[in-house]
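# Here's my sequence, what's the structure:
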Amino acid sequence: MRRAPADRPVALNGLAGRTWPQLDGAAPLLVVPLGSLEQHGPHLPLATDGIIADAVVHGVVARLAERGVVAVAAPPVWYGASGEHEDFPGTVSIGHDALRLLLVECARSACRWARGVVMVNGHGGNVAALADAADLLRSEGRRVLWTGCAPPADGDAHAGRTETSLLLHLRPEAVRTDRSAAGADIGQIDEPYLQARPEPARAYGLAAVNAALDGITGTTAVHLCFGYAAIIHERPEGYSFLPELAACPTKQISIETAQSGLDLGVLADLSDKTIILGVIDLSTPEVEPADLVARRTERAFEYLPPEQIVIAPDCGMKYLPRDSAAGKLRAMSAAAQLLRAAPDQS
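Numbers count the residues shown, from 1 in each chain. This is a model prediction of the structure:
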């Protein structure tokens, strides 16, 4: 049998490196790291979540040992529920049902010799399966707990500065620093409560948005959300808080108009903004024709020139079947082509 290549060693720390006599009668606490195998931008490895969870687990085991608690770190569960990343090559997702079953059966087996099991989760997509598994195991009388690897209160999102910093500390050789330059084409604030709570928004909401955008020199956008179309079925015909954003330093304002048939007269008050105009109705999976999408867009030209309009869907496309979502995006693209080809839009 050939040995594993030097750059791919088999990890034999923690539980994986013990022999059964070392565990016989020890009744340790088993601490299990949970991760995922999914994209983490162009600069971080697919196993980022598991690497972080594994480091947390080994730190926990070491601290418990200082307090006289016998604990052992299990090998990471590398595969999780990552369906939202499946369009990225390298992502391997086993889904919620399979993950739940895996966790339940692993814990049932481990509880025959371990005093209890603590699962430490590094991937948000695992939470539903993990919580269900832990509830079932506890109902069976097993000592099982779970917790997450919580980022700092000021931490940022997936594959951002927080995870990049952690990987630079834990596995610097795995970080592609040549591909991790900071920056984005557009930074958007997604804000439903300005619309839902207009009076507090007038009192301090605009000041909060302005503070969030302070010092940002790139292109920014603020989206006023009516709520996901699959959940919020009745929508007003106008925004209760929108003209106020004329005083906001953002360069772009994103609004929804398709499902509500929004009165676009308010755009006259936003003459110096680019408007990201929601023209795809996501309350139904039916794919609207391109000419209908074009007519929805043309309503805005009464108030702003075409070069200040960017067409987009309303909110909630993630609730649509994939074929329907793709069809609606194709209709939106075809509508843009129709509008560019129109003589008065050239």
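
# quick one: the strands in this protein?
With DSSP state E as the definition, the chain shows strands at residue ranges 29-34, 71-73, 116-121, 144-148, 186-191, 219-224, 252-256, 274-280, 309-313.

# who wins for proximity to Arg299 among these?
Across these, Arg299 has its closest neighbour in strand 274-280 (8.9 Å, C-beta to C-beta). C-beta: built from backbone N, CA, C; applies to glycine.

# Now do the helices in this protein.
Secondary structure of the chain (DSSP state H): helices located at 20-23, 48-66, 95-110, 127-139, 161-170, 193-196, 198-200, 206-213, 290-298, 322-341.

# Tell me the gap between the last one and the middle of its chain.
I take that to be helix 322-341. When C-alpha coordinates are averaged (C-alpha atoms, centre = their mean, to the nearest Å), helix 322-341 and its chain have centres 25 Å apart.

# now swap in the fifth one and tell me
Mean C-alpha position of helix 161-170 versus that of the full chain (C-alpha atoms, centre = their mean) differs by 18 Å.

# contacts for it?
By C-beta atoms under 8 Å, 6 or more residues apart in numbering, the list of residues contacting helix 161-170 from outside reads 40, 43-45, 48, 51-52, 55, 151-152, 155-156, 174-175, 180, 182.

# cool, and the fourth one?
With C-beta under 8 Å, 6+ apart as the test, helix 127-139 has contacts from 34, 81, 96-97, 99-100, 103-104, 107-108, 111, 117, 119, 121, 144-146, 148.

# Now the buried members of these.
Neighbour-count burial within these applies to 34, 81, 96, 99-100, 103-104, 107, 111, 117, 119, 121, 144, 146, 148; the criterion is 16 or more other C-beta atoms under 10 Å.

# Nearest to Asn210 among the residues you listed?
For those, the nearest to Asn210 is Gly148 (32.7 Å; C-beta to C-beta).

# quick one: contacts for the closest one?
Val120, Asn121, Gly122, Gly124, Val127 are the contacts of Gly148 under C-beta under 8 Å, 6+ apart.

# returning to that earlier point: pick out the shakiest of the strands of the chain, pLDDT-wise.
The stretch with the lowest average pLDDT out of the strands of the chain is strand 186-191, scoring a mean of 81.

# That one - contacts with which helices or strands?
Here strand 186-191 is seen to pack against helix 206-213, strand 219-224, strand 252-256 when contacts are counted using 3 or more C-beta pairs under 8 Å, 6 or more residues apart in numbering; DSSP states H and E.

# Pick the most buried one from the ones you listed.
Each of the helices and strands packed on strand 186-191 was scored by mean neighbour count; the highest is strand 252-256, a mean of 23, by mean count of other C-beta atoms under 10 Å.

# Quickly run through the sheet partners of that one, with directions.
Each strand that strand 252-256 pairs with, and the sense of that pairing, follows from DSSP bridges: strand 219-224 (parallel), strand 274-280 (parallel).

# can I get those strands in CSV with distance to Asp135?
Converted to CSV, those look like this (distance: least, C-beta to C-beta, whole Å):
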stretch, distance to Asp135
strand 219-224, 36
strand 274-280, 39
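
# Out of those strands, the one nearest Asn210 is which?
Of those, the one closest to Asn210 (C-beta to C-beta) turns out to be strand 219-224, at 10.2 Å.

# Can you give the contact residues for the closest one?
Strand 219-224 is touched from outside by 185-192, 194-195, 209, 213, 239, 241-242, 245, 248-256, 276, 315, with contacts defined as C-beta under 8 Å, 6+ apart.

# can we see that at 7 Å?
By C-beta atoms under 7 Å, 6 or more residues apart in numbering, the residues outside strand 219-224 that reach it are 185-191, 194-195, 209, 213, 239, 241-242, 245, 248, 250-255, 276.

# Narrow those residues to those that are buried.
Those of these that meet the buried threshold are 189, 191, 194-195, 209, 213, 239, 241-242, 245, 248, 250, 252-255, 276, by 16+ other C-beta under 10 Å.

# how about the nearest residue to the residue nearest the centre of the chain, chain neighbours excluded?
Residue closest to the mean C-alpha point of the chain, counted by C-alpha atoms, centre = their mean, is His158 at 6.7 Å. Counting by C-beta to C-beta, 6 or more residues apart in numbering, the nearest residue to His158 once its immediate chain neighbours are dropped is His40, at 7.0 Å.
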